[in-house]
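# Okay, structure incoming, though there's no sequence with it:
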């Protein structure tokens with residue numbers, strides 16, 4: 001049984017780490033997107049994970065993502081109750097991060113939340129590459145599966161813990177390099193929730209996809225890892 005004090009520390013770490021992910025990743029798109037381009041935004045998301053993993057990983061494991069936590073449950077490496085607590089912290093951190101980003105962005109005279117947004121995810125007509133619903137679902141499931149599989153692999157006792165954060169961050173950056181124009185890249189319900197909550201409209205309408213698909217991908221990764229890789 002995890003003590004209440006230890007769980008509180010884990011929740012704070014998960015909330016802070018998810019805040020960092022949203023503030024750095026989405027912030028790079030909103031504040032610097034025109035200067036750094038898609039490659040720069042991709043690297044910002046990856047580097048945010050690297051920073052949080054090495055800074056907070058020793059406390060909570062730095063999941064920063066309900067899909068990762070649910071994947072851990074499916075793999076038998078986390079209890080459902082602890083996963084639920086992690087998710088609360090992750091959604092809270094993402095919301096605070098998006099709120100901070102909005103405050104900063106609003107300091108620019110020509111910023112418009114309606115037109116420039118907060119790095120929210122989406123798909124279909126009017127959103128970046130205007131990819132279809134089917135393409136968006138496939139992308140989010142497959143990429144979340146890959147992302148969580150990498151995380152499960154580099155966080156085993158046999159893996160080199162010194163490079164785990166770097167491997168996870170580089171994987172997220174690569175996923176963004178492949179698919180920013182498809183969905184803006186979620187692979188993380190909390191990352192999608194924070195910005196959508198403030199932007200509203202289509203961002204909220206599309207939000208269901210960025211819950212269902214990443215969670216499905218995370219569970220699938222956990223099950224494959226538990227039933228396949230660990231028995232090899």
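Alright, I've got the coordinates. Just so we're clear, the structure is a prediction, and the values are computed from it rather than from any experiment. Numbering: from 1, shown residues only.

# how much space between residue 156 and residue 150?
Using Cβ to Cβ, to the nearest Å, residue 156 is found at 11 Å from residue 150. Where you see a C-beta, it was placed from the backbone N, CA and C, and this is true even at glycine.

# would you list every one of the helices in the chain?
Counting by DSSP state H, the chain has helices at residues 4-60, 66-74, 80-105, 113-116, 133-154, 164-183, 189-199, 202-205, 209-227.

# Now tell me what touches the fifth one from outside.
Helix 133-154 is contacted from outside by 67-68, 71-72, 75, 77, 123-124, 131, 159-160, 163-164, 167-168, 171-172, 175, 178-179, 182-183, 185-188, 209-210, 213-214, 216-218, 220-222, 224-225, 229, using Cβ atoms under 8 Å, 6 or more residues apart in numbering.

# just the angle between it and helix 209-227, please?
Relative orientation of helix 133-154 versus helix 209-227 (axes from the mean of the first three to the mean of the last three Cα atoms, to 10 degrees): 40 degrees.

# same check, this time on the third one
Helix 80-105 and helix 209-227 are oriented at 140 degrees to each other (the same axes, to 10 degrees).

# for helix 80-105, packing partners?
Applying 3 or more Cβ pairs under 8 Å, 6 or more residues apart in numbering; DSSP states H and E, one finds that helix 80-105 makes contact with helix 4-60, helix 66-74, helix 113-116, helix 189-199.

# If you average the pLDDT over stretch 40-60, what comes out?
The average pLDDT within stretch 40-60 is 97.

# try stretch 128-137
Mean pLDDT, computed over stretch 128-137, is 98.

# Quick check: end-to-end length of that stretch?
One end of stretch 128-137 sits 16 Å from the other (Cα to Cα, to the nearest Å).

# Mind pulling up the pLDDT for the residue at minimal distance from the centre of the chain?
In the chain, the C-alpha closest to the average C-alpha coordinate belongs to residue 188, at a distance of 3.6 Å (Cα atoms, centre = their mean). With respect to pLDDT, residue 188 scores 98.

# mind pulling up the phi and psi values for residue 200?
Dihedral pair for residue 200: phi 70, psi -160, per degrees, to the nearest 10.

# How many residues are close by it?
Applying other Cβ atoms under 10 Å, we find 12 residues neighbouring residue 200.

# Distance of it relative to residue 29?
Taking Cβ to Cβ, one finds residue 200 at 18 Å from residue 29.
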